[in-house]
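Enquirer: give me coordinates for this.
(one chain, ligands or ions: 1)
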Amino acid sequence: MSPSTMPDSDKIYDLYGGGFLGQFTRLALLLDVFTPLSSGPASAESVALACNASLEGVRALLNYLCSVQVLEYQLDSQRYALTPSAAAFLVRGAKTFAGDWILANTDPVLWEKMLQTVRSGTAAGYSLPWAQDAWLESYSPSRVAYSLELWHTVGLALNDGQPLRMLDLACGCGIKTLAFAQAHENVWVTCVDSDSVLDVARDLAARFGVEARVTFMPGDILSDDFGEGQYDAALLGLITYILTPEQNAAVFQRAYRALRPGGMLVIDAIMPTAQPAEWASRATLLMNTWNGGAAYPFHVYQGWLDQVGFRKTVQHNEQWLSAIK
Ligand SMILES: C[S@@+](CC[C@H](N)C(=O)[O-])C[C@H]1O[C@@H](n2cnc3c(N)ncnc32)[C@H](O)[C@@H]1O
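Expert: Residues are numbered from 1 along each chain as shown. Got it, this is the predicted structure:
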């Protein structure tokens, strides 16, 4: 056999190796090994006692969590301590707790539903604790730069200090528009999402010092009216691929109405590439299962946008597109 036709078993090991991290984290969350450490470093014995679990099992799990830098091991005292990220996101009861988000994404029920969805071609449906995802996003070190790059790439014009009104639909923590508002003092933002998710956006707006220029509108983008001609720009960030084609067509119609003539709709989504890509295929499998969405290609977006009257639809890269009213 030539080297190129030799089977490579490392490729097969790679097919499941990545799954261990999620499942061990799931075990740690189900046992709740993090909360006993929230009052300070503790021994494996006291964590095992607090979790009502075996010492050997808990020690092995704590050691694993140290090996992936979620916990720290203090050699002198043989105690385990939370890292700042574990303290913020993995301690049940912390304002920024995101453990249920991890549990939802590692739940065997999700994978069972995905199997059903692939078999039947119909979304099995799955609900997620979005506010916890929003907390994670709101502390992501890379998101501010990503957000500013988005607005720069689509060429959103800042009109000489004139107010620029932005509508952020299904905003999550709102970082994409709030980062832009932080960078430009004439930017005003209206954030729309469920009330629990908007709590995170409120917190981030306060951290960014822009809350005086932000309106928080609890609501449902599938049914709410966003008014007529009020906004210079609207953002649909990582939501269109969750929605079905019918839901997208309806949302685009109301986003069109909400924009002033000449206003810009920006879509941050995941679009498939000519060669199958991991990110887009993964998104399609997940979004199909959650709600019947998919990583739709650019020409599908263009069709929906044309239908409601948008013009100058441009695909900027594999993720960003814009259109003008
Ligand atoms: C993947 S997050 C995207 C957050 C943000 N737009 C971004 O670009 O990162 C999806 C968000 O959509 C919100 N969402 C889903 N369906 C919604 C609906 N019908 N009305 C309002 N918000 C919705 C969820 O609460 C969640 O915050």
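Enquirer: gap between residue 39 and residue 73?
Expert: Using Cβ to Cβ, to the nearest Å, residue 39 is found at 18 Å from residue 73. Quick note: C-beta positions are derived from backbone N, CA and C, even for glycine.
Enquirer: for the ligand, what are the nearby residues on the chain?
Expert: Within the chain, the residues that sit near the ligand (Cβ under 6 Å from any ligand atom) are 130, 134, 137, 170-172, 176, 193-194, 197, 220-222, 237-239, 268.
Enquirer: may I see the ChimeraX selection of the buried members of the residues you listed?
Expert: Buried subset of the residues of the chain next to the ligand, written as a ChimeraX selection, criterion 16 or more other Cβ atoms under 10 Å:
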select :130,134,137,170,171,172,176,193,197,221,237,238,239,268
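Enquirer: return the subset of the residues of the chain next to the ligand lying in strands.
Expert: 193, 237, 268 (DSSP state E).
Enquirer: out of these, the closest to the ligand would be?
Expert: Nearest to the ligand among those: residue 237, at 2.4 Å, using Cβ to the nearest ligand atom.
Enquirer: you'd agree that closest one is up against residue 168?
Expert: Yes: between residue 237 and residue 168 there is a contact under Cβ atoms under 8 Å: 7.2 Å.
Enquirer: hey, what's in contact with both of these two?
Expert: residue 176 (Cβ atoms under 8 Å, 6 or more residues apart in numbering).
Enquirer: list the contacts of residue 251.
Expert: Neighbours of residue 251 in contact, by Cβ under 8 Å, 6+ apart: 169, 221, 222, 236, 240, 243.
Enquirer: using PDB, write out every CA atom in stretch 108-126.
Expert: Extracted in PDB, the C-alpha atoms of stretch 108-126 (Å, rounded to 0.1, in the frame of the first residue of the first chain):
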ATOM      1  CA  PRO A 108     -27.900  12.300  25.600                       C
ATOM      2  CA  VAL A 109     -31.500  13.400  25.000                       C
ATOM      3  CA  LEU A 110     -30.200  16.000  22.500                       C
ATOM      4  CA  TRP A 111     -28.300  13.400  20.600                       C
ATOM      5  CA  GLU A 112     -31.300  11.000  20.600                       C
ATOM      6  CA  LYS A 113     -33.400  13.900  19.200                       C
ATOM      7  CA  MET A 114     -30.800  14.500  16.500                       C
ATOM      8  CA  LEU A 115     -31.000  10.900  15.500                       C
ATOM      9  CA  GLN A 116     -34.800  11.200  15.200                       C
ATOM     10  CA  THR A 117     -34.500  14.400  13.200                       C
ATOM     11  CA  VAL A 118     -32.000  12.900  10.800                       C
ATOM     12  CA  ARG A 119     -34.200   9.800  10.400                       C
ATOM     13  CA  SER A 120     -37.400  11.600   9.900                       C
ATOM     14  CA  GLY A 121     -36.300  14.900   8.300                       C
ATOM     15  CA  THR A 122     -38.500  16.800  10.800                       C
ATOM     16  CA  ALA A 123     -37.200  18.900  13.800                       C
ATOM     17  CA  ALA A 124     -37.600  16.900  17.000                       C
ATOM     18  CA  GLY A 125     -37.400  20.300  18.900                       C
ATOM     19  CA  TYR A 126     -35.100  21.100  21.800                       C
END
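Enquirer: got the buried residues for it?
Expert: Within stretch 108-126, the residues that count as buried by 16+ other Cβ under 10 Å are 110, 113, 114, 117, 123, 124, 126.
Enquirer: who's in contact with residue 310?
Expert: Contacts for residue 310 (Cβ under 8 Å, 6+ apart) come out as 252, 256, 265, 323, 324, 325.
Enquirer: which stretches of the stretch 151-300 of the chain form strands?
Expert: 164-169, 187-193, 214-218, 231-237, 259-268 (DSSP state E, counting those that start in this stretch).
Enquirer: do the same with the stretch 1-150 of the chain
Expert: With DSSP E, counting those that start in this stretch as the criterion, the stretch 1-150 of the chain has strands at 71-74, 79-82.
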